[in-house]
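Novice: only the shape, not the letters, is given here:
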């Protein structure tokens with residue numbers, strides 16, 4: 001059940017970034033590009049003895065589109081090294097934690113069985129700004145946490 005605050009935040013977010021060229025039943029809230037930052041890798045799995053610790057990291061060809069789908073559900077379309085996927089269609093959970101109208105800043109969480117992510121996005125009226133995001137992940141192959149940043153703007157569009 002959505003609270004009045006949640007409805008107000010989503011309604012306000014709808015006004016942030018027009019979805020020019022998108023189907024009218026999808027509302028794009030942010031489009032962000034390649035990420036760079038730092039990751040901490042724990043030893044084990046693919047990370048051999050003495051190879052753990054902080055490392056420069058990034059997703060050179062990555063993209064993140066934050067949008068409301070045809071059912072007014074917040075979703076992420078993420079292009080990484082391997083694929084492009086809708087988080088909701090993949091079965092992940094996505095939620096708006098907070099939205100500040102004055103600064104056009106939104107905090108989003110996403111998680112699945114083996115990971116948890118947060119996205120902090122601040123944009124101007126043209127949809128230009130910065131996304132800072134974190135991920136913590138545990139699989140048999142890897143255990144890591146990352147902090148990344150990426151530029152945002154209309155030039156980073158991928159279609160939901």
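Specialist: Here it is on my side, so go on. This is a predicted model, so every value here is computed, not measured. Numbering: from 1, shown residues only.
Novice: every contact and neighbour count from this point should use C-alpha atoms.
Specialist: OK.
Novice: is residue 41 bridged to anything, and to what?
Specialist: residue 53, residue 144 (DSSP bridges).
Novice: flag the shaky bits of this protein, pLDDT-wise.
Specialist: Residues of the chain meeting the criterion pLDDT under 70: 1-24, 159-160.
Novice: which stretches in it count as strands?
Specialist: All strands of the chain, identified by DSSP state E, fall at 27-32, 35-41, 53-59, 63-68, 74-79, 84-86, 93-100, 105-111, 115-123, 129-138, 143-152.
Novice: just say which of those strands is most tucked in.
Specialist: Of these, the one with the most neighbours on average (mean count of other C-alpha atoms under 10 Å) is strand 27-32, at a mean of 27.
Novice: which other helices and strands does it contact?
Specialist: On a contact count with 3 or more C-alpha pairs under 8 Å, 6 or more residues apart in numbering; DSSP states H and E, strand 27-32 meets helix 4-14, strand 63-68, strand 143-152.
Novice: one more time with 10 Å
Specialist: Applying 3 or more C-alpha pairs under 10 Å, 6 or more residues apart in numbering; DSSP states H and E, one finds that strand 27-32 makes contact with helix 4-14, strand 63-68, strand 74-79, strand 115-123, strand 129-138, strand 143-152.
Novice: let me have the strands of the chain in CSV, extended by distance to residue 47.
Specialist: Converted to CSV, the strands of the chain look like this (distance: least, C-alpha to C-alpha, whole Å):
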stretch, distance to residue 47
strand 27-32, 29
strand 35-41, 7
strand 53-59, 10
strand 63-68, 26
strand 74-79, 24
strand 84-86, 26
strand 93-100, 28
strand 105-111, 23
strand 115-123, 18
strand 129-138, 13
strand 143-152, 9
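Novice: before we move on, the earlier item: distance to residue 97 added to the helices and strands packed on strand 27-32, as CSV?
Specialist: Formatted as CSV, the helices and strands packed on strand 27-32 follow (distance: least, C-alpha to C-alpha, whole Å):
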stretch, distance to residue 97
helix 4-14, 9
strand 63-68, 14
strand 74-79, 11
strand 115-123, 9
strand 129-138, 14
strand 143-152, 18
